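Undergrad: Sequence first, predicted coordinates after that:
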Amino acid sequence: MYKEYIKRIEAIEAKHADKASMDEWQQRTDAIVNYLLNNPAPNRNIYDFESDD
């Protein structure tokens, strides 16, 4: 079981071995993090979903 995980990790490391793909991956990750930090989800109140019946 652990051998499968190690093989997957090695495949990912081999895919990202060159610097250009790592820089691209880092830029995408930074863009996602910046988006999430600058556009937080609206605060939701559980009572908004209750009916007034």
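TA: Received the coordinates, thanks. The shown structure was predicted, so the numbers you read here are calculated from the model rather than taken from an experiment.
Undergrad: Which positions within stretch 17-30 qualify as buried?
TA: For stretch 17-30, the neighbour count (16 or more other C-beta atoms under 10 Å) marks no residue as buried. Placement of C-beta: from N, CA and C, glycine included.
Undergrad: where does this structure dip in pLDDT?
TA: Confidence mapping of the chain against pLDDT under 70 gives the ranges 1, 16, 40-53.
Undergrad: repeat that for 90
TA: 1-26, 32-53 (pLDDT under 90).
Undergrad: show me where it has helices.
TA: 2-15, 19-38 (DSSP state H).
Undergrad: Go ahead and name everything in contact with the shortest one.
TA: Outside of helix 2-15, the residues within contact range by C-beta atoms under 8 Å, 6 or more residues apart in numbering are Ser21.
Undergrad: Now do the buried residues in it.
TA: Under 16+ other C-beta under 10 Å, helix 2-15 has no buried positions.
Undergrad: so that helix versus helix 19-38, what angle?
TA: 100 degrees (axes from the mean of the first three to the mean of the last three C-alpha atoms, to 10 degrees).
Undergrad: can I get the CA coordinates of helix 2-15 in CSV?
TA: Output of helix 2-15 as CSV, limited to C-alpha atoms (Å, rounded to 0.1, in the frame of the first residue of the first chain):
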residue,chain,number,x,y,z
TYR,A,2,2.7,2.4,0.9
LYS,A,3,4.7,1.5,-2.2
GLU,A,4,1.8,2.8,-4.3
TYR,A,5,1.9,6.1,-2.4
ILE,A,6,5.7,6.3,-2.9
LYS,A,7,5.3,5.6,-6.6
ARG,A,8,2.7,8.4,-6.9
ILE,A,9,4.9,10.9,-5.0
GLU,A,10,7.9,9.9,-7.2
ALA,A,11,5.8,10.4,-10.3
ILE,A,12,4.7,13.9,-9.1
GLU,A,13,8.3,14.8,-8.2
ALA,A,14,9.5,13.7,-11.6
LYS,A,15,6.8,15.7,-13.3
